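Enquirer: Have a look at this prediction, sequence included:
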Amino acid sequence: MMMSTPCAPFLFVFLTLIFFTASHHAVVESFAPVKVIKVSRRPTTLFYQEGPSTDQQRVAVDTSKATHINDFNHETILNNTLSLPVLIDCYTDKCGPCKLIERSLQQVLPKFISPHEDESRPRLQFVKWDVESREHSKRFMSILREHDMTFRKLPTLLLFDDGVPMALKSGMMSAAAIDRWLEEHLPDGEGKGRERRPRVGPEGALGVSTRKMNR
């Protein structure tokens with residue numbers, strides 16, 4: 001008992017130091033900054049398409065808000081300051097397939113309207129033409145007649161370059177079909193250099209004689 005008595009104070013001091021050391025570390029860790037792990041989430045919008053070497057988000061295209069071409073603006077649109085090819089969606093409000101092809105256009109147009117990181121400008125300009133507005137589109141339709149770009153079916157897509165119609169496609173098309181058609185006929189597309197002419201009938205747009213349209 002006499003030998004253990006002198007050690008008791010040292011043992012008490014030793015245990016006290018251990019207690020305060022552990023308490024100090026607990027307090028320090030409780031006030032330490034929390035590490036935040038950032039989790040990157042890719043956009044989940046309808047028009048996001050992941051490219052082979054970029055995660056850039058494309059801008060959605062609302063075809064219902066597109067500019068409508070007519071005799072008052074057709075020269076400005078077809079001969080735009082950027083010298084862009086112009087894609088024209090020909091439609092009427094009563095045309096059911098015309099509403100369906102809008103879905104295909106909304107899926108494919110971001111590829112051609114929203115530039116990539118390595119592109120300085122879009123590849124085309126998109127507009128619409130209500131074929132029932134013939135009274136306000138006589139000069140525009142004269143361009144179609146001059147280049148034998150008349151059509152009888154809806155929906156119809158027209159592709160202009162340097163103010164001149166270069167290609168025509170009538171009927172319902174999927175997004176993939178529109179993509180292939182544009183790549184085939186755009187100046188910078190996969191089919192550059194191929195010359196094609198659309199099939200035209202003896203009558204003008206929508207089966208109405210072009211002579212009557214010009215009156």
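Expert: Okay, I see it. Numbers count the residues shown, from 1 in each chain.
Enquirer: Would you mind listing the buried residues in stretch 130-142?
Expert: For stretch 130-142, the neighbour count (16 or more other C-beta atoms under 10 Å) marks Asp130, Val131, Arg134, Ser137, Phe140, Met141 as buried. Using the backbone N, CA and C atoms, a C-beta is placed for each residue, glycine as well.
Enquirer: wait, the fifth one sits on Trp129?
Expert: Yes - with contact defined as C-beta atoms under 8 Å, Phe140 counts as touching Trp129 (7.4 Å).
Enquirer: Need the residues touching each of those two.
Expert: A shared contact of Phe140 and Trp129, defined by C-beta atoms under 8 Å, 6 or more residues apart in numbering, is any residue touching both; here these are Ile69, Asn70.
Enquirer: could you give the mean pLDDT of stretch 62-74?
Expert: Model confidence over stretch 62-74, given as mean pLDDT, is 94.
Enquirer: okay, how far is it across it, tip to tip?
Expert: Terminal residues of stretch 62-74 are spaced 21 Å apart (C-alpha to C-alpha, to the nearest Å).
Enquirer: okay, and the helix or strand of this protein with the least pLDDT?
Expert: Every helix and strand of the chain was ranked by mean pLDDT, DSSP states H and E. The lowest is helix 210-213, at a mean of 39.
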